[in-house]
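Trainee: coords please:
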Amino acid sequence: MYQRPHITVNPQGQMTSVAWSPPFEAPLKVREEDVEPYYEAYHTFAAVLENSPIQVEHRMRTGQCIIFNNRRILHARRKFTLNNGEHRHYQGCYVNIDDFRNSVQVAYIQHGREDLAKRNGNQCWL
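Mentor: Numbers count the residues shown, from 1 in each chain. The predicted structure is shown next:
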């Protein structure tokens with residue numbers, strides 16, 4: 001069974017990622033004395049996310065596309081009901097971050113830039 005921590009830090013103690021996906025979480029495996037503090041923190045964090053003043057909501061229309069770094073943007077959707085005759089089709093696409101970084105760096109070089117492309121997240125400690 002795959003498990004990972006909700007919060008990951010780098011060797012310097014800086015937060016590098018947050019994994020939050022309640023419907024897909026494995027059973028909790030911690031010492032008994034950690035169960036109650038875990039769920040207190042869990043529910044507090046869930047409330048912070050749900051009540052965040054910086055949430056952005058957007059209702060997508062036919063033909064729209066949204067692109068984001070799955071490891072950098074906390075994303076979700078609200079419950080919805082389809083009207084008569086409507087259908088829903090979402091297509092996911094995942095890109096290897098190393099391939100993407102390489103493509104961005106090549107584009108920098110092709111456009112005469114000698115600096116490194118900005119690195120942001122995904123366990124990148126540089």
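Trainee: going forward, measure contacts and count neighbours with C-alpha atoms only.
Mentor: Noted.
Trainee: Just the buried residues of stretch 9-29, please?
Mentor: 16-18, 20 (16 or more other Cα atoms under 10 Å).
Trainee: Tell me which two in those residues are the farthest apart.
Mentor: 16 and 20 (13.4 Å; Cα to Cα).
Trainee: tell me which element residue 36 falls in.
Mentor: Using DSSP states H and E, residue 36 sits within helix 32-50.
Trainee: what separates that helix from the chain centre, distance-wise?
Mentor: Averaging C-alpha positions (Cα atoms, centre = their mean, to the nearest Å) puts helix 32-50 19 Å from its chain's average.
Trainee: what mean pLDDT does that helix have?
Mentor: Mean pLDDT, computed over helix 32-50, is 95.
Trainee: Now the element after that helix, going C-ward?
Mentor: Using DSSP H and E, the helix or strand that follows helix 32-50 in sequence is helix 97-110.
Trainee: mind checking how far the nearest residue to residue 5 once chain neighbours are set aside is from residue 75?
Mentor: Ranked by Cα to Cα, 6 or more residues apart in numbering and with sequence neighbours excluded, the top spatial neighbour of residue 5 is residue 19, at 7.0 Å. For residue 19, the distance to residue 75 equals 11 Å [Cα to Cα, to the nearest Å].
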